[in-house]
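Visitor: how would this look folded up:
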Amino acid sequence: LPQPGGSMEMGDDNKKNKKSPLKNLPFGTPDGDKGFGAANSAPSWPAPSNTAANDALAPPAGAPAAGNLSPVMEDAMGSNNNDDKATSADPSQTNDRLAKLKAKLEEKKKKLEEKKRREGKQRQDQTQGKRGASSPQPQREQQRQQQPSPAPAPTDAQGNSLAEKNAVRFATGAANQATRALLPQDLQNETATDYSALRQTHTDAQDLGSAKSLIGTCQHMCPDEELLRREREGDIQLLEIVKPGELHPQNWTLRDTCVKRFRRSAADYKLDVPEWVRPPEALERVCSYLEEWVMERDRQGPDPRFSGGTAAPPSLDVYQFIWDRTRMVRKDFILQNYVGTGGKCDAMAVRCHERIARWHAMCEHQLSHIDDFAVMQSQQNIQELGQTMKTLNQYYDDALGRSVVEKPDEDGNETAVKGRASDTLAHGCSSNFVQGAPPADFNGTPLKSPSDETSLAGRAIC
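Guide: Residues are numbered from 1 along each chain as shown. As a prediction, this is how the structure comes out:
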């Protein structure tokens, strides 16, 4: 409250809260209590005309003067003026734009008509073709002649195309050789397509619940059923064709050269048939036959079964043949439960797997210079080598130590009779040397085992 006799003044707090005059506002600076409508800041708009357009463009009451506009308002008003100028452009420019649009429409119409004409012609040609036109249309014949000729088949360094190489590699020889005459005498007159009559009748069949392991009864390298089927289907490969008196002994037949092919079990084909499974003695003969008669064919000079007798079998042909047959050898051991501890195991199974493992390791080294082997076969070769070594480890770790016993009993004791005439050449071999011409290495060096050394350790494995 004011003191008696004093003047009414504002307190100190009110003085501090008193606002300062506003400055630099968009619509100018107010003049005290008069506001924006003061005389010194009155707008200087042009006098409106009598037209309705000018009346519409007249500024509202209380608008700021032109001189007091802020930069933001001046830019906005400048852009509006430019838009007004663009809308009021020269009529000639508008006519040019309309002319261009009309030209584009005409061009699209022409393209559409051309497309309809082309489709109609195609439908007409198809209709004529369905009506049985005997000769092709001249236009089609001309287009066929103008087509580029197919690219030539890829060739190797010797000029042989890939198709020719595959034809030789997978040739069966059944088309140009009388394979029927090469069959054993007891199979040449076999005409039935159902080979079940060749199977033995088992009178001592027992319940599968009490059965322990399958025992193979096939004593041949290839079962007779498979031999007949492959001969009729033309599936006798060139390396299996017998040449009596030329490459093989005079009395040999396809039964002495054909080896059981690898095949997986299927719904319509079972592998665990005793007549189709070979026992360990037959499997060891298979390994010996492959080493003596097939393994070195690519290094023994010209073969009469390949290229008319002027060339040796390709190394990959020999590799793929042995690779397939050795897989089936290991499969027959598995079918008979040769798994080491908990199953069967003997020295014959160990030797067969050791020979197969050595062959895979040798091929990985000696065929590494062949591009096709390095690119496509090396990985599979190492995979099969690993599977063989895995089985060998199971045999070596047998709980009964049967890996060094020829024919063990249930307790692992030896039951084989020694001193027989058949034991003169061990391990299923028929000779101490590779059969045929002496093999030569790729650089021409002859490979031959020394004749004065008969021990297995001293002989060179070619």
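
Visitor: how many neighbours does the nearest residue to residue 212 once chain neighbours are set aside have?
Guide: Take residue 212 and drop its neighbours on the chain: the residue closest to it by CB to CB, 6 or more residues apart in numbering is residue 337, 7.6 Å away. Using the backbone N, CA and C atoms, a C-beta is placed for each residue, glycine as well. By the criterion of other CB atoms under 10 Å, residue 337 has 14 neighbours.

Visitor: Provide a list of residues in contact with residue 337.
Guide: Residue 337 sits next to 212, 213, 214, 343, 344 when contact means CB atoms under 8 Å, 6 or more residues apart in numbering.

Visitor: Is the third one in a helix, a strand, or coil?
Guide: Taking DSSP: H, G, I helix; E, B strand; the rest coil as the rule, one finds residue 214 in the coil state.

Visitor: isn't it right up against residue 335?
Guide: Yes - look at residue 214 against residue 335 with CB atoms under 8 Å: they come within range, at 5.7 Å.

Visitor: Overlap of the contact sets of these two?
Guide: Shared contacts of residue 214 and residue 335 (CB under 8 Å, 6+ apart): 272, 277.

Visitor: just the buried members of the contacts of residue 337?
Guide: 214, 344 (16 or more other CB atoms under 10 Å).

Visitor: Lowest-confidence entry in the contacts of residue 337?
Guide: pLDDT is lowest at residue 212 among these; the value there is 72.

Visitor: mind checking how far it is from residue 299?
Guide: Here the criterion is CB to CB, to the nearest Å. By it, residue 212 lies 44 Å from residue 299.

Visitor: again, but for residue 310
Guide: The value you get for residue 310 to residue 299, if CB to CB is used, is 16 Å.

Visitor: where along the stretch 101-250 of the chain do the helices fall?
Guide: Counting by DSSP state H, counting those that start in this stretch, the stretch 101-250 of the chain has these helices, from start to end: 138-146, 162-169, 185-188, 224-232.

Visitor: likewise the stretch 251-400 of the chain?
Guide: For the stretch 251-400 of the chain, the helices defined by DSSP H, counting those that start in this stretch cover 254-257, 280-289, 315-335, 347-366, 371-372, 378-396.

Visitor: export those helices to CSV and tack on mean pLDDT?
Guide: Compiled in CSV, these are given as follows (pLDDT from 0 to 100):
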stretch, mean pLDDT
helix 254-257, 94
helix 280-289, 95
helix 315-335, 96
helix 347-366, 95
helix 371-372, 92
helix 378-396, 96
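
Visitor: Can I get these in CSV including distance to residue 95 and mean neighbour count?
Guide: Formatted as CSV, the helices of the stretch 251-400 of the chain follow (distance: least, CB to CB, whole Å; neighbours: other CB atoms under 10 Å):
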stretch, distance to residue 95, mean neighbour count
helix 254-257, 96, 20
helix 280-289, 97, 21
helix 315-335, 80, 20
helix 347-366, 84, 19
helix 371-372, 73, 12
helix 378-396, 75, 16
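
Visitor: Would you mind saying which of the ones you listed lies nearest residue 96?
Guide: Closest to residue 96 of the helices of the stretch 251-400 of the chain, according to CB to CB: helix 371-372, at 68.3 Å.

Visitor: can you list the residues that contact the closest one?
Guide: Applying CB under 8 Å, 6+ apart, the contact partners of helix 371-372 are residue 316.

Visitor: Lowest average pLDDT across the helices of the stretch 101-250 of the chain?
Guide: Of all the helices of the stretch 101-250 of the chain, the minimum mean pLDDT falls on helix 138-146 (a mean of 58).

Visitor: Residue 266: neighbouring residues, count only.
Guide: Residues near residue 266, counting by other CB under 10 Å: 8.

Visitor: ok, now how distant is the closest residue in space to residue 279 that isn't next to it in sequence from residue 275?
Guide: Nearest non-adjacent residue to residue 279, counting by CB to CB, 6+ apart: residue 216, 4.6 Å away. The gap separating residue 216 from residue 275 is 8 Å, by CB to CB.

Visitor: Show me which of residue 310 and residue 299 is the more surrounded one.
Guide: residue 299 (21 against 9).

Visitor: ok, that one - contacts?
Guide: With CB under 8 Å, 6+ apart, residue 299 has these contacts: 312, 439, 440, 441, 442, 447.

Visitor: Against residue 446, how distant is the second one?
Guide: Residue 439 sits at a distance of 8 Å from residue 446 (criterion: CB to CB).

Visitor: shaky segments in this structure?
Guide: Within the chain, the stretches with pLDDT under 70 are 1-90, 129-178, 191-211, 417-426, 448-462.

Visitor: what do you get if the cut-off is 90, keeping everything else the same?
Guide: For the chain, the stretches with pLDDT under 90 are 1-102, 105, 117-213, 232-234, 245, 264-272, 301, 307-310, 376, 407-462.

Visitor: measure the residue lying closest to residue 277 once chain neighbours are set aside to residue 442 for me?
Guide: Excluding the flanking residues, the one nearest residue 277 by CB to CB, 6+ apart is residue 216, at 3.2 Å. With the distance defined as CB to CB, residue 216 ends up 39 Å from residue 442.

Visitor: next one: residue 340
Guide: Going from residue 340 to residue 442 by CB to CB gives 39 Å.

Visitor: cool, and residue 404?
Guide: Counting by CB to CB, the separation of residue 404 from residue 442 is 37 Å.

Visitor: Compare those two (neighbour count), which wins?
Guide: Neighbour totals were compared for residue 404 and residue 442, and residue 404 leads with 15 against 10 (other CB under 10 Å).

Visitor: Give me the distance between that one and residue 286.
Guide: Going from residue 404 to residue 286 by CB to CB gives 22 Å.

Visitor: so residue 411 sits in a strand?
Guide: No - remark: residue 411 does not belong to a strand; assigned using three-state DSSP, it is coil.

Visitor: burial of it, as a residue count?
Guide: 7.

Visitor: isn't it right next to residue 402, touching?
Guide: No - counting by CB under 8 Å, residue 411 stays clear of residue 402, with 9.6 Å between them.

Visitor: coming back round to it: give me the more crowded residue out of residue 216 and residue 275.
Guide: More crowded of residue 216 and residue 275, by other CB under 10 Å: residue 216, with 22 against 16.
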